[in-house]
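Peer 1: Quick check, what structure comes out for this input:
(one chain, ligands or ions: 1)
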Amino acid sequence: MKLRFSKMHGAGNDFVVTDTREWEQRLSESQLAQLCDRHRGIGCDQLMLIEPPRSAGAVLAYSIRNRDGSVAGQCGNGARCVAAWARRAGILPERGGLLDSPAGPIEVRFVEQQVELRMGRVSFDHQDVGFVAGSEPLEIVFAGQWWSFALASMGNPHALIEVDEISTAPVAELGAALQADARFADSCNVGFAEVVNMQHIKLRVFERGAGETLACGSGACAAVALLQRAGRCTSPVAVDLPGGRLRIEVDRTTGEVSMRGPYCFVFEGVMEL
Ligand SMILES: N[C@H](CCC[C@H](N)C(=O)O)C(=O)O
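Peer 2: Now for the predicted structure:
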């Protein structure tokens with residue numbers, strides 16, 4: 001089977017984007033894993049699979065696989081890349097439009113060389129994060145000390161830890177420990193945020209199913225929403241991740257989150273499967 005794909009990234013978070021709307025057969029789990037494999041395949045943090053639209057007005061739907069094969073409910077950086085892919089394919093109008101994400105429809109518009117998405121509402125409900133009710137406080141012991149975290153969902157689960165210095169945060173070790181915490185029904189993405197000022201944070205994210213990535217769009221949305229709720233930032237906020245900068249706005253009254261950020265086409269290809 002020959003599989004056409006686009007290799008893309010959003011602030012360094014990289015994707016294989018492939019159109020499954022014409023596929024005669026679905027790929028097996030091992031074939032999907034091969035696409036993500038940086039040695040035996042193309043290599044990416046996530047697969048963005050293009051599907052037929054589900055809701056009125058949407059031009060397409062997408063589903064998300066982490067590189068470990070797990071299914072995800074949202075991918076902010078990937079959604080920007082899908083929007084750019086759809087515009088170049090002539091599926092999405094120049095002015096933007098609607099995409100069906102696994103977490104519901106998201107509105108897209110193109111602003112200068114970037115994509116702006118209305119990502120829907122953030123949820124602070126622990127149930128939406130898959131966190132077992134009644135197992136508060138939101139703390140974990142790691143390396144002999146108590147670490148507090150906060151929870152939010154953008155359609156996928158996020159735990160956020162505020163640190164004084166992002167460069168020395170134990171991202172991989174503490175991120176893995178929190179992901180393995182049995183109180184999360186389906187693991188979580190673990191963000192580490194350093195507040196620079198009320199409109200600027202630094203963020204690193206140890207992603208579910210991918211490890212630390214250069215950027216996490218839904219993680220940036222969750223981080224700003226949680227920090228705004230705690231009075232640690234306002235809106236909009238510049239979020240500096242290792243791979244680049246995202247601009248996040250959170251409407252305090254509605255909980256609506258919007259994100260603006262870059263996208264990049266790296267190469268097109270055909271993979272023999
Ligand atoms: N690892 C995430 C999916 C990708 C999110 C991230 N790449 C983004 O840009 O939002 C999860 O399992 O929920």
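
Peer 1: Check which helix or strand A159 maps to.
Peer 2: Per DSSP states H and E, A159 falls inside strand 157-162.

Peer 1: Just the buried residues of that strand, please?
Peer 2: Residues 157-162 are the ones in strand 157-162 that count as buried (16 or more other C-beta atoms under 10 Å). In short, each C-beta sits where N, CA and C put it, glycine included.

Peer 1: Contacts for the helix or strand that it is followed by next, please.
Peer 2: Per DSSP H and E, the first helix or strand lying C-terminal to strand 157-162 is helix 171-179. With C-beta atoms under 8 Å, 6 or more residues apart in numbering as the contact definition, helix 171-179 has outside contacts at 140, 142-143, 147, 149, 159, 161, 184, 187-188, 190, 192, 204, 206, 208, 211-212.

Peer 1: Which strands border the helix or strand just after helix 171-179, and is each parallel or antiparallel?
Peer 2: The first helix or strand that comes after helix 171-179 along the chain, using DSSP H and E, is strand 189-197. Here strand 189-197 has these sheet partners by DSSP bridges: strand 157-162 (parallel), strand 200-207 (antiparallel).

Peer 1: May I see these arranged in CSV, with mean pLDDT as well?
Peer 2: Below are the strands paired with strand 189-197 laid out as CSV (pLDDT from 0 to 100):
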stretch, mean pLDDT
strand 157-162, 98
strand 200-207, 98
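
Peer 1: Point out the one among these that comes closest to the ligand.
Peer 2: The closest of the strands paired with strand 189-197 to the ligand is strand 200-207. By C-beta to the nearest ligand atom, the value is 3.8 Å.

Peer 1: can you tell which of the strands paired with strand 189-197 is closest to R21?
Peer 2: Nearest of the strands paired with strand 189-197 to R21, taken as C-beta to C-beta: strand 200-207 at 26.9 Å.

Peer 1: how about the closest one: buried residues?
Peer 2: 201-207.

Peer 1: show me which of those residues neighbour the ligand.
Peer 2: E207 (C-beta under 6 Å from any ligand atom).

Peer 1: Let me have the buried residues of strand 200-207 in TSV, adding distance to V115 as columns.
Peer 2: Below are those laid out as TSV (distance: C-beta to C-beta, whole Å):
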residue	distance to V115
I201	21
K202	22
L203	19
R204	22
V205	19
F206	25
E207	20
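
Peer 1: Noted, bye for now.
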